[in-house]
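*Asks:* how would this look folded up:
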Amino acid sequence: MNQMRKKFDKEFKKKAVELSYARGNATEIAEELGIERALLYVGVKSLNNMTRIAFQAMEIRR
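*Replies:* Below you'll find the model as predicted:
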């Protein structure tokens, strides 16, 4: 049986990652938000990669 994929807007994803950093308990946060814990980790990893790329771009411009 096919399940519909949930779509989350950017604001939801941003808040989820912020909660993860603030509280540190990914399992608890994922349960509260009704998402899989792995999805939360994907969001954190994505944010870390975007931040790293932004800093690298700033270094290149110097």
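
*Asks:* C-alpha from now on. contacts and neighbour counts both.
*Replies:* Fine.

*Asks:* Excluding chain neighbours, what is closest to the most centrally placed residue in the chain?
*Replies:* Closest residue to the average C-alpha location of the chain: residue 43 at 2.1 Å, with CA atoms, centre = their mean. With sequence-adjacent residues excluded and distances taken as CA to CA, 6 or more residues apart in numbering, residue 43 is closest to residue 17, at 6.3 Å.

*Asks:* And for that neighbour, the neighbour number?
*Replies:* The burial count assigned to residue 17 is 22, neighbours taken as other CA atoms under 10 Å.

*Asks:* mind checking pLDDT for it?
*Replies:* At residue 17, the model reports a pLDDT of 85.

*Asks:* can I assume it is in contact with residue 44?
*Replies:* Yes - here residue 17 lies in contact with residue 44, judged by CA atoms under 8 Å, at a distance of 5.7 Å.

*Asks:* List the contacts of the longest helix along the chain.
*Replies:* Taking DSSP state H as the assignment, the helix of the chain that covers the most residues is helix 37-61. When contacts are taken as CA atoms under 8 Å, 6 or more residues apart in numbering, the neighbours of helix 37-61 outside the stretch itself are 13, 16, 17, 20, 26, 27, 30, 31.

*Asks:* ChimeraX command to pick out the buried ones of the residues you listed?
*Replies:* In ChimeraX, selecting the buried portion of those, with burial taken from 16 or more other CA atoms under 10 Å, looks like this:
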select :13,16,17,20,26,30
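
*Asks:* rewinding a little: compute the mean per-residue pLDDT across the longest helix of the chain, please.
*Replies:* Averaging pLDDT along helix 37-61 yields 82.

*Asks:* Identify each buried residue in that helix, please.
*Replies:* By 16+ other CA under 10 Å, the buried positions in helix 37-61 come out as 37, 40, 41, 43, 44.
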